[in-house]
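1. dropping a prediction and its sequence here:
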Amino acid sequence: MPLIIANKGKIHTYICQDCGHVYHRKRRIDTKRFVCGRCQGRLNYQGTEIITLKK
């Protein structure tokens with residue numbers, strides 16, 4: 001049986017500069033407009049991960 005890999009989508013990762021809280025989102029965040037929900041610190045975009053599901 002062949003290995004099937006399904007693309008589940010991209011996950012964008014953001015980290016707060018002040019408290020270090022990590023946010024994972026499907027959609028991109030405007031880091032100039034939105035801040036951390038815990039401490040109101042600035043968010044840094046860390047990159048994109050592609051999530052795959054192996055069957």
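-> Good, I have the coordinates.

2. what mean pLDDT does the strand or helix carrying Tyr14 get?
-> In this assignment (DSSP states H and E), Tyr14 forms part of strand 5-16. Taken as a whole, strand 5-16 carries a mean pLDDT of 82.

3. just stretch 20-30 next, same as before
-> Per-residue confidence for stretch 20-30 averages out to 94 on the pLDDT scale.

4. which residues of this protein fall in helices?
-> The residue ranges that make up helices in the chain, judged by DSSP state H, are empty, as it has none.

5. and the strands in it?
-> Using DSSP state E, the strands assigned to the chain run over residues 5-16, 22-25, 43-54.

6. how about those strands, which one is nearest Lys32?
-> The stretch from the strands of the chain with the least distance to Lys32 (C-beta to C-beta) is strand 43-54; that distance is 9.5 Å. In short, each C-beta sits where N, CA and C put it, glycine included.
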